[in-house]
Structure formats: structure tokens, C-alpha cells
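>>> Sequence isn't available, so here's the structure alone:
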């Protein structure tokens, strides 16, 4: 079974530029998550989708971050304009069910460096 | 909101010794507590989990204990091996969301 795919793996941009990350979850997984992991910290939830609807985006900085999950499958996370403090690894995860307590399957992450 | 604290932040053990990582949580409604292992350059991977109606769970060399009254849970790794070296995260689930600890970097010295 293929895992969660993310791209790009690495991205370096200047502040105020924009960037987009893509995630393809495990086939059939209803729930998709985007987490931000700053160096030395645990993952912090940015947004959670169930199929193609948003379950929780309370911690998403909506003035600069946006995310969508078209047709309940792939998802993109965009940052525009980027700030220095956005430097982090952006992890996409998916889970099979909708109850919320199932195993999270993480991708390898997209490492963003903002200069 | 939920607050998960994890200790220690770094841990070094000799191969064959045991390692213990401890976490506390604040929300008494939390009902699911997974542990994830993250190797360098990879995403976290679930290694063991425990639900709030169970006090202890074991899977080969790994065990997790949960004390709901004290709101803390622990990961125990016995007979550590060099391949156990990684960052370990605890998490709690409440309000339809996972909350992660800050991680423990475990080094197993051959």
C-alpha cells in the first residue's frame, strides 16, 4: 500500500514570496491533516479535512495560509506571503475513519526555509 | 485547550538498558493516547497507542501505561537497540484533535 505522498520535499524562498505544498493521502482515507512542525517541537495542527469539508481550521493563520482538498482526495497548502517564522516542516497526514481516534499516517514532510 | 508536556527532552541509554518517557495532559476528556517515532528526515510513525479505558498495553519490547487520575502516561522501551534511536512524541486526542508533546530525542549507545 502506498503511503502519504508529499511534494516538494524541500523549498527555500525569500520572505514575502509564496509557496504551495501538495499532499496525496492514502487511498480511501477520509480524513486529511496538515501539521506544522517547527524544529525541536511537536507537530501542531493547521487544518483538518473530512472528505472535502473542513473540520477544524482554528489554528490556521488565514491571513496568509490557505488550504483546499479538491474532490476529497489530494490537498494543497499555500502560504502567501511567507514570513521568517513560517520556516518549518509541513507534514501531511491521513487517517481511514472519521471518528478521529484512528492511526495517523504521516508523509515525509515538506521542509520550508524562509530567508 | 489541551496541554501535553513531555519529559525528558533528550535521553541517552546504553544498548540493552530500558528507556522511559513520560507525558502529562490537562484535559480530562482526552480519551486516546498514541506514541509516535520519528526518524531523521521522515514523518512520525505510530508505535503504540492506548485508550482511556485501559491502564497498560504491551507490544514486544514496548509498553505504555496510563494513569487517568493523575493525567499522565508513559512509554517504556526495554532491551533497547541502536535502531530505537529516534525522536519520540506522545499525543493526546480530545475535541476531535490530536495534541503532541515536544518530543524526546532518544540515543541508544552501542
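The structure has been received and is ready for your questions. In this text, all values refer to a predicted model and were calculated from it rather than measured experimentally. Numbering: from 1, shown residues only, chains lettered A, B, ... in the order given.
>>> Now for chain B, the helix or strand with the poorest mean pLDDT.
strand B:97-100 (a mean of 92; mean pLDDT, DSSP states H and E).
>>> Identify the residues contacting it?
Strand B:97-100 is touched from outside by A:42-45, A:48, A:56, A:100, A:104, B:1-4, B:25, B:34, B:36, B:89-93, with contacts defined as C-beta atoms under 8 Å, 6 or more residues apart in numbering or on different chains. Every C-beta, even on glycine, is put in place using the N, C-alpha and C of the backbone.
>>> and the next element down the chain from that strand?
Counting by DSSP states H and E, the next helix or strand C-terminal to strand B:97-100 is strand B:104-109.
>>> Can you list the strands that the least confident helix or strand of chain B pairs with?
strand B:86-94 (antiparallel) (DSSP bridges).
>>> now the contacts of strand B:97-100: which count as buried?
A:42-43, A:45, A:48, A:56, A:100, A:104, B:2, B:4, B:25, B:34, B:36, B:89-93 (16 or more other C-beta atoms under 10 Å in any protein chain shown).
>>> Residue numbers of chain B in contact with chain A?
Proximity of chain B to chain A, by C-beta under 8 Å from any C-beta of the partner chain, involves residues B:4, B:6, B:31-32, B:34, B:36, B:41-46, B:49, B:51, B:89, B:91, B:93, B:96-98, B:100-103.
>>> Generate a PyMOL selection restricted to the buried subset of these.
The buried residues among the residues of chain B next to chain A can be selected in PyMOL (16+ other C-beta under 10 Å) with this line:
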select buried, chain B and resi 4+6+32+34+36+43+44+45+49+89+91+93+97+98+100+101+102+103
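>>> Given the helix or strand of chain A with the lowest mean pLDDT, what are its sheet partners and their directions?
Within chain A, no helix or strand scores below strand A:53-56, which has a mean of 92 by mean pLDDT, DSSP H and E. Strand A:53-56 has these partner strands in its sheet, going by DSSP bridges: strand A:44-50 (antiparallel).
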